[in-house]
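Enquirer: For reference, the sequence and a predicted model appear below.
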Amino acid sequence: MSDLSRRKLITTGLAAAAGVTGLGVAARLAQKYGLVPPDSGGIYGLGETLTYASQRLLTRHSLAREFSRSQISKRPVPNEMPPLSDAFKRLQAAGFADWRLSIDGMVAHPGTFSLAQLKSYPSHNQITQLACEEGWSYIAEWTGVPLSHVLNLVGVQPQAKYIAYFSIDPDWWESIDMADALHPQTFIAYGLNGDELPVGNGGPLRLRLPRQLGYKSVKFITHMTVTDSLKRFGKGLGSAAPEAGYSWYAGI
Amino acid sequence: MEDSVSIPGAASVTLSTTVAPRHSALVRVTHWLTTLCFIALLVTGIEIVISHPRFYWGETGNVLTEPLFKLHIPSSRALVPTGYGYVLPDQNGWSRALHFQAAWFLVLTGLLYLISGLLTGHFRKNLLPRKPDLSWRALSTVIAGYLRFKRPSEAEAWSYNVLQRLAYLFVIFVLFPLVIWTGLAMSLSFVSAFPASVTLLGGQQSARTLHFFVSVALVSFLLVHIIMVWFAGFRSRMRAMITGRPATDKEST
């Protein structure tokens, strides 16, 4: 009997040790290959990590579905918005001529771009779906310059891992990893359905990420920082969303 | 855990019925893990629906388009015209996080159940209806028994009848795969890699509507399941699913 229980104890102990080591190795590998999201702590961190890691492995280069012109929604929904600040209204009154997007951080040439400058680069279109975490969605044609084009201009350093981007609304900022930043459908968007991007939909400038929930497509962007760590931004969870209990990655 | 260790003394009596538990340890563990995940998914799913209690068909749908149908409940977003004069507190953050975490656990538990069920012959032995039971005569006898509120026989404490088998197979191999599929088809990122997963369903909003209906079917199953367990003898059936032994096993110990 005691022999049996000793053997059992040893095998159980060995199995447990192997399990813990296995998990440790898995965690280290996941960290090494950038499969751990910045909001991986806390009670829902495991679910977040499983989703982010599996989608990074399956969807790194996949393209968001594009639709035909006939599928474009008649009215693109301007979502609820906090009242616009005086600073925004002043820029709006001047036709956004003084709107600037600054990019700094781990780049060779930090820069500031006007709307006219951004529009002078080769423009791209995408007819994609914007889906809100609440459950509703619409399809629109977005015009803009791929973020990768602008990142090439400023020269991203090789050790960079994330781009943090900020709205003129101080409570709204997000970040994405380099896979999403360099994705061909990630746009700095300034046009919607053949027109200027309306303020209600994020004009004059909105980051557009068609493979992620609407809140990652931050409206009224004014600033971007290229970085290798998100620890020093806000509460260190990656963006404003996880600080409010929402997912950082938001691929689903 | 080791069932074989506890019998030696009382050897000769009713061995065949006492040795094998009614439900294997794996079935019991996965049953309760699934229960836990399902409750989490249900509560958080309701919370998520409250933020937009309108359903559509096709690719898109929003407050500016005509819904297929709407639930006449208040919403947690002012954007939704509900007719109620108030907006419920927003609970989507933790609800979504728990919904997806529970979905992960449910899928992993389901895989464990599926693989072990195939290896041990669980589906073949316990869930696949026996040929003679599928005749109209046999089926109508079972249905008539339910309609007359006949309490299940002693044999049914040890083996599922044909209707139970069909119901469980339907839930395991139709409803659960469908609810997982329709859930994944709502993910923008997932469908970028597997676009057919959403186009086959008729679009992202169709996937959401179908997800709702399959969930309603699963909840209906759960309610009937609980009522039937109650009807058959709540304590005995619960014991069977917790300890593996259904009725009193006084005679064997």
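Expert: Structure received. Predicted model, so just to flag it, every value in this text is computed and none were measured.
Enquirer: the strands in chain B, which residues?
Expert: B:54-55, B:69-70 (DSSP state E).
Enquirer: List of residues touching the last one?
Expert: Applying CB atoms under 8 Å, 6 or more residues apart in numbering or on different chains, the contact partners of strand B:69-70 are B:53, B:54, B:55. For glycine as for every other residue, the C-beta is placed from the backbone atoms N, C-alpha and C.
Enquirer: and the stretch 151-252 of chain A, which residues reach chain B?
Expert: Applying CB under 8 Å from any CB of the partner chain, we find that the stretch 151-252 of chain A lies next to chain B at A:210, A:211, A:212, A:213, A:244, A:245, A:246, A:247, A:251, A:252.
Enquirer: tell me the contacts of residue A:161?
Expert: Residues counted as contacts of residue A:161 (CB under 8 Å, 6+ apart) are A:34, A:177, A:178, A:227, A:228, A:229.
Enquirer: Over to residue B:165?
Expert: Residues in contact with residue B:165 (CB under 8 Å, 6+ apart) are B:126, B:127, B:128, B:129, B:133.
Enquirer: Next one: the closest residue to the last one other than its chain neighbours from residue B:225, what distance?
Expert: Among residues not flanking residue B:133 along the chain, residue B:162 sits closest, at 4.0 Å (CB to CB, 6 or more residues apart in numbering or on different chains). The gap separating residue B:162 from residue B:225 is 16 Å, by CB to CB, to the nearest Å.
Enquirer: Please say which of those two ends up with more neighbours.
Expert: Using other CB atoms under 10 Å in any protein chain shown, the more surrounded residue of residue B:162 and residue B:225 is residue B:162, with 18 against 14.
Enquirer: Hmm, residue B:135 and that one touching each other?
Expert: No - with contact defined as CB atoms under 8 Å, residue B:162 does not reach residue B:135; the gap is 9.6 Å.
Enquirer: Would the one helix or strand residue A:143 maps to count as contacting chain B?
Expert: Secondary structure assignment for residue A:143, by DSSP states H and E: strand A:137-146. Yes - judged by CB under 8 Å from any CB, strand A:137-146 comes into contact with chain B through A:137, A:138, A:139.
Enquirer: try stretch A:10-24
Expert: No - Stretch A:10-24 lies out of reach of chain B by CB under 8 Å from any CB, never closer than 11.3 Å.
Enquirer: show me the contacts for residue B:36.
Expert: Residues near residue B:36 by CB under 8 Å, 6+ apart: B:102, B:105.
Enquirer: do the same with residue A:235
Expert: Contacts for residue A:235 were tallied using CB under 8 Å, 6+ apart; they are residue A:243.
Enquirer: Look up how far residue B:149 lies from it.
Expert: On the measure of CB to CB, residue A:235 and residue B:149 end up 59 Å apart.
Enquirer: can you check residue A:44 too?
Expert: From residue A:44 to residue B:149 the distance is 44 Å (CB to CB).
Enquirer: Return the per-residue confidence for the residue in the stretch 151-252 of chain A positioned nearest to chain B.
Expert: The stretch 151-252 of chain A approaches chain B most closely through residue A:245 (2.6 Å), counting by CB to the nearest CB. Here, the pLDDT recorded for residue A:245 equals 93.
Enquirer: Then residue B:249?
Expert: Note for residue B:249: predicted pLDDT of 47.
Enquirer: Please apply the same query to residue B:153.
Expert: We have a pLDDT of 82 for residue B:153.
Enquirer: pretty sure residue A:180 contacts residue A:209?
Expert: Yes - Residue A:180 is within contact range of residue A:209, at 6.3 Å (criterion: CB under 8 Å).
Enquirer: what touches both of the two?
Expert: Residues touching both residue A:180 and residue A:209 (CB under 8 Å, 6+ apart): residue A:186.
Enquirer: Of those two, which one has the most company?
Expert: residue A:209 (29 against 22).
Enquirer: in stretch A:244-252, what counts as buried?
Expert: Of the residues in stretch A:244-252, A:245, A:246, A:247, A:248, A:249, A:250, A:251, A:252 count as buried by neighbour count, 16 or more other CB atoms under 10 Å in any protein chain shown.
Enquirer: do the same with stretch B:71-88
Expert: B:75, B:76, B:77, B:79, B:80, B:82.
Enquirer: and that stretch, how far apart are its ends?
Expert: Stretch B:71-88 has an end-to-end distance of 15 Å (CA to CA, to the nearest Å).
Enquirer: mind checking how far that stretch is from the chain centre?
Expert: 30 Å (CA atoms, centre = their mean, to the nearest Å).
Enquirer: Give me the helices and strands touching the least confident helix or strand in chain A by mean pLDDT, please.
Expert: Taking mean pLDDT, DSSP states H and E as the measure, the helix or strand of chain A with the lowest value is helix A:2-32, at a mean of 78. When contacts are defined as 3 or more CB pairs under 8 Å, 6 or more residues apart in numbering or on different chains; DSSP states H and E, helix A:2-32 packs onto no helix or strand at all.
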